[in-house]
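Novice: here is my input, please return the structure:
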Amino acid sequence: MSIFVLVHGGHHGGWCYQAVARRLMRAGHIVYAPSLTGLGEREHLLHPGVNLDTHITDIASLLEVEDLRGAILVGHSYGGMVITGAADRAANRTGHRVYLDAAYPVDGQSLLDHAPHQIGPLRQRMRVMDGAELVGFAGQLPPQAFGITEPGMAAWAAARLRAHP
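Specialist: As a prediction, this is how the structure comes out:
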């Protein structure tokens, strides 16, 4: 049995791991698939200060509060930035890290360093709403941009994708 913490990428929430989490749990593993602050079911917590540090704190706090040891952190896309920081902050609580088509930063790097062709255009269309800087609005990032091509799954994801702080 292993403990998995599945960290979603930009614009998503923990919802994107539903099918994977179910499979892992059926195999006897413990699975956490939290939504990062300002996204998913935590969208209502968005405020101007939400940033990468907030998201790293989300995961490091989960590891601490749940008293997890040896957790396997899985980060997809932007989630790679998050698990790198969380593993640094909570090294005594983490085991392996899995970078699932994700950024793999070194100290001081931003997501822009890893994906300039994707992030640059998004930043040019950034909007400030209620003081929070957001990128990737409805219509700018259809589910197909994330490789979701099955029509039913694309419609399901489209209803849940959000602008990213």
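Novice: show me the contacts for His8.
Specialist: Gly14, Cys16, Tyr17, Ala33, Ser35, Leu36, Leu39, Gly40, His76, Gly79 (CB atoms under 8 Å, 6 or more residues apart in numbering). Where C-beta positions appear, they are placed from N, C-alpha and C, glycine not excepted.
Novice: okay, the residues you listed in JSON lines with pLDDT and neighbour count next?
Specialist: Compiled in JSON lines, the contacts of His8 are given as follows (pLDDT from 0 to 100; neighbours: other CB atoms under 10 Å):
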{"residue": "Gly14", "pLDDT": "98", "neighbour count": "19"}
{"residue": "Cys16", "pLDDT": "96", "neighbour count": "24"}
{"residue": "Tyr17", "pLDDT": "97", "neighbour count": "22"}
{"residue": "Ala33", "pLDDT": "98", "neighbour count": "20"}
{"residue": "Ser35", "pLDDT": "98", "neighbour count": "22"}
{"residue": "Leu36", "pLDDT": "98", "neighbour count": "28"}
{"residue": "Leu39", "pLDDT": "96", "neighbour count": "29"}
{"residue": "Gly40", "pLDDT": "95", "neighbour count": "20"}
{"residue": "His76", "pLDDT": "95", "neighbour count": "23"}
{"residue": "Gly79", "pLDDT": "96", "neighbour count": "29"}
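Novice: inside helices: which ones of these?
Specialist: Gly79 (DSSP state H).
Novice: for Ala159, give its distance to Phe137.
Specialist: From Ala159 over to Phe137 the distance is 14 Å, taken as CB to CB, to the nearest Å.
Novice: then Glu64?
Specialist: From Glu64 to Phe137 the distance is 34 Å (CB to CB).
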